[in-house]
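Colleague: Any chance you could fold what I've pasted below:
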Amino acid sequence: MTTYFIGGSMGTFLAGVAWKIAGWHGVAIAGILLVAGSLGITCLEKGKADKR
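Modeller: Predicted coordinates for the structure are as follows:
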């Protein structure tokens with residue numbers, strides 16, 4: 001549960017910073033980067049699990 005709270009807090013913080021710097025385009029880019037990072041971690045972990 002703590003991890004979800006930390007992730008939500010970091011997402012909100014990054015969206016706020018992105019908004020301040022670049023408006024909606026920055027928020028969209030930040031969201032895309034967060035999703036891409038999450039997808040990358042998931043794929044790497046799945047690859048490790050498949051090798052076991």
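
Colleague: neighbours around residue 14, how many?
Modeller: 16 (other Cβ atoms under 10 Å). The C-beta positions use only the backbone N, C-alpha and C, and glycine is treated the same way.

Colleague: Against residue 35, how distant is it?
Modeller: According to Cβ to Cβ, to the nearest Å, residue 14 and residue 35 sit 12 Å apart.

Colleague: Return the residues in contact with the residue nearest to residue 14 when sequence neighbours are not counted.
Modeller: Spatial nearest neighbour of residue 14, chain neighbours left out: residue 30 (5.0 Å); criterion: Cβ to Cβ, 6 or more residues apart in numbering. Contacts for residue 30 (Cβ atoms under 8 Å, 6 or more residues apart in numbering) come out as 14, 15, 17, 18.

Colleague: Once you drop chain neighbours, what's closest to the most centrally placed residue in the chain?
Modeller: Most central in the chain under Cα atoms, centre = their mean is residue 34, positioned 2.4 Å from the mean C-alpha point. Nearest non-adjacent residue to residue 34, counting by Cβ to Cβ, 6+ apart: residue 11, 6.4 Å away.

Colleague: For stretch 2-19, what is the distance to the chain centroid?
Modeller: 9 Å (Cα atoms, centre = their mean, to the nearest Å).

Colleague: and it, which residues are buried?
Modeller: Within stretch 2-19, the residues scored as buried using 16 or more other Cβ atoms under 10 Å are 14, 15, 18.

Colleague: I would like the residues contacting it, please.
Modeller: 26, 27, 29, 30, 31, 34.

Colleague: Kindly recompute the last result at 10 Å.
Modeller: 24, 25, 26, 27, 28, 29, 30, 31, 33, 34, 38 (Cβ atoms under 10 Å, 6 or more residues apart in numbering).
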